[in-house]
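*Asks:* sequence and predicted model, in that order:
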Amino acid sequence: MTEETAMHDHGRQIRMDLNESPVAIDDSSAALLADVLRTANRYPRGVLQRRLTHVIAQRNGCAPENVVLGAGSVSLLEAVWSCTVDPGDPVVFAEPGFEMYPWLTVRRGGTPMSVPLAPGFRTDLKQIRHLVRTARPALVAITNPHNPSGTRCPDAELTSFLAEVRTDTVVVVDEAYVDFDERADLAASAAAAVDAPNVVLTRTLSKAHGLAGLRIGYAIAHADLARRLAASTLPFAVTDVACAAASAAMDTVDDKVARIRAMRASLTEQLRDLGLEVPDSAANFVLVVGHHDLADRLADRGVLVSRSPLGVRITIGHEQGGDRVVEGVREYCAARHGSSKENQPTGRQ
Ligand SMILES: Cc1ncc(COP(=O)(O)O)c(C=O)c1O
């Protein structure tokens, strides 16, 4: 696997802030895409879109009618919001969380109702369930695994939550990071969405599949809800190049994911050994709880990480970047340790 050599947009800085894959597209996929690019003078004809829809349906044990493609999963989230939220409607989601949810809610004139995370930095399904009963939201958004904490919802808890929600509330389960979750059963969550009239799954090929720049994602839902969603997306939004790349990437994703999981385990252990609190992550990033100034120290070393109200979120996958993070954190901890010693009372008058 080839790591990008040019850190194109930020000079020599290594981007570990956007949860992208640092692995550049391989030569054989690039050659295949070059052929498709030669037809870029034409609008997408729908052939590659239908083929990809079939592949996704087959992999998830559902019918093509249950699958909707989008230009990245954000475009599908936008479609979910536009076909469910009217002005004044409450929308429930965890806070802190993916910043698109409050943004889309406000844009639709809805009322954001955020729910703080439960202990352990988990989505508080109990509290969300309570709000569903009392506030009757039009939409609930659950990120599983969660961003920015990386924690997953326990399967049984999520299943019973989805089964209980009244059907006039739509639940979108945003599985942008699900490929990195070794405990996830992708076909089972797809089946749960297909069987319910009011549950939509969204997934992306921007993360594990390394296609963030091509904008491709998909939703899985009951056929009626999938039709409503499809009606809210723009025509020709999903390009032939994105579809061809997605089909190819699905064949190689397992190796990429295995590498990220191994790097995640190693970085988590090293950070914990240095005394930092790092929740178990099921995603391609880890959260260092607190220590907000650590982001600046890592930036000094040429590594960009993401700042969150919970702490510092570090994307996994860049080998050299991972080493620099560990060195930077070691130096940061030593400096803190030194200064706290200096401030300790000496007992002398
Ligand atoms: C929780 C979550 N959902 C969706 C997305 C968007 O992904 P896409 O690139 O498919 O639009 C992201 C991207 O960071 C994300 O963190």
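*Replies:* The structure has been received and is ready for your questions.
*Asks:* hang on, residue 261 packs against residue 184?
*Replies:* No. In this structure, residue 261 sits apart from residue 184 without contact. The criterion is C-beta atoms under 8 Å, and the distance is 11.9 Å. C-beta: built from backbone N, CA, C; applies to glycine.
*Asks:* who in the protein is up against the ligand?
*Replies:* Counting by C-beta under 6 Å from any ligand atom, the residues of the chain close to the ligand are 19, 72-74, 98, 143, 147, 174, 176, 204, 206, 212, 217.
*Asks:* and the helices in this protein?
*Replies:* Using DSSP state H, the helices assigned to the chain run over residues 27-37, 47-60, 73-84, 100-107, 125-135, 155-164, 186-195, 223-231, 240-273, 294-300, 319-342.
*Asks:* against which helices or strands is the first one packed?
*Replies:* The reference is to helix 27-37. Taking 3 or more C-beta pairs under 8 Å, 6 or more residues apart in numbering; DSSP states H and E as the contact definition, the neighbouring helices and strands of helix 27-37 are helix 240-273.
*Asks:* what comes up buried for the helix it packs on?
*Replies:* Within helix 240-273, the residues that count as buried by 16 or more other C-beta atoms under 10 Å are 240-250, 252-253, 256-257, 259-261, 263-264, 267-268, 270-271.
*Asks:* check which helices and strands that helix sits against.
*Replies:* On a contact count with 3+ C-beta pairs under 8 Å, 6+ apart, helix 240-273 meets helix 27-37, helix 47-60, strand 285-289, helix 319-342.
*Asks:* now it: average pLDDT?
*Replies:* Confidence for helix 240-273, expressed as mean pLDDT, is 96.
*Asks:* shift numbering so it begins at 191
*Replies:* Understood, numbering begins at 191; the last thing we discussed is helix 430-463.
*Asks:* relative to helix 217-227, how tilted is it?
*Replies:* Here helix 430-463 runs at 150 degrees with respect to helix 217-227, directions being taken by axes from the mean of the first three to the mean of the last three C-alpha atoms, to 10 degrees.
*Asks:* on that earlier part again, just among the residues of the chain next to the ligand, which is most surrounded?
*Replies:* Of all those, the highest neighbour tally under other C-beta atoms under 10 Å goes to residue 364, namely 29 neighbours.
*Asks:* which residue, other than its chain neighbours, is closest to that one?
*Replies:* Nearest-residue entry for residue 364: residue 333, 4.6 Å, with adjacent residues in sequence omitted and distances by C-beta to C-beta, 6 or more residues apart in numbering.
*Asks:* list the contacts for that neighbour?
*Replies:* Each residue near residue 333 by C-beta atoms under 8 Å, 6 or more residues apart in numbering is listed here: 283, 284, 287, 288, 313, 364, 366, 367.
*Asks:* and the third one, what pLDDT?
*Replies:* What the model reports as pLDDT for residue 287 is 98.
*Asks:* hmm, it is touching residue 337, no?
*Replies:* Yes. The pair residue 287 and residue 337 passes the contact test of C-beta under 8 Å, sitting 6.7 Å apart.
*Asks:* picking up where we left off before, and among the helices and strands packed on helix 430-463, the most buried is which?
*Replies:* Between the helices and strands packed on helix 430-463, strand 475-479 has the highest mean count of neighbours, a mean of 24, where neighbours are mean count of other C-beta atoms under 10 Å.
*Asks:* give the rounded mean pLDDT of that strand.
*Replies:* The predicted confidence, averaged over strand 475-479, sits at 98.
*Asks:* cool, and stretch 244-259?
*Replies:* 98.
*Asks:* cool, stretch 322-329 as well?
*Replies:* 97.
*Asks:* and the end-to-end length of it?
*Replies:* For stretch 322-329, the first-to-last residue distance is 9 Å (C-alpha to C-alpha, to the nearest Å).
*Asks:* just stretch 483-496 next, same as before
*Replies:* Using C-alpha to C-alpha, the span of stretch 483-496 from its first residue to its last is 11 Å.
*Asks:* cool, and stretch 252-269?
*Replies:* Note: stretch 252-269 ends 21 Å apart using C-alpha to C-alpha.
*Asks:* so which bits of that stretch are buried?
*Replies:* Of the residues in stretch 252-269, 252, 254-269 count as buried by neighbour count, 16+ other C-beta under 10 Å.
*Asks:* count the neighbours of the spatially closest residue to residue 277 that is not a sequence neighbour for me.
*Replies:* Nearest in space to residue 277, with sequence neighbours left out and distances taken as C-beta to C-beta, 6+ apart, is residue 299 at 3.3 Å. A count of neighbours around residue 299, defined by other C-beta under 10 Å, yields 11.
*Asks:* please report how far residue 299 lies from the ligand.
*Replies:* With distances taken as C-beta to the nearest ligand atom, to the nearest Å, residue 299 is found 22 Å from the ligand.
*Asks:* and if you look at residue 498?
*Replies:* Between residue 498 and the ligand the distance is 11 Å, computed by C-beta to the nearest ligand atom.
*Asks:* go on, residue 429?
*Replies:* Distance check for residue 429 against the ligand: by C-beta to the nearest ligand atom, it reads 14 Å.
*Asks:* quick one, what contacts the nearest residue to that residue once chain neighbours are set aside?
*Replies:* Counting by C-beta to C-beta, 6+ apart, residue 234 is the residue found nearest to residue 429 once chain neighbours are left out, at 5.9 Å. With contact taken as C-beta under 8 Å, 6+ apart, residue 234 is in contact with 426, 428, 429, 430, 433.
*Asks:* spit out the contact partners of the fourth one.
*Replies:* Contact partners of residue 430, counting by C-beta under 8 Å, 6+ apart, are 226, 229, 230, 234, 235, 238, 239.
*Asks:* that's all I had, so thanks and see you.
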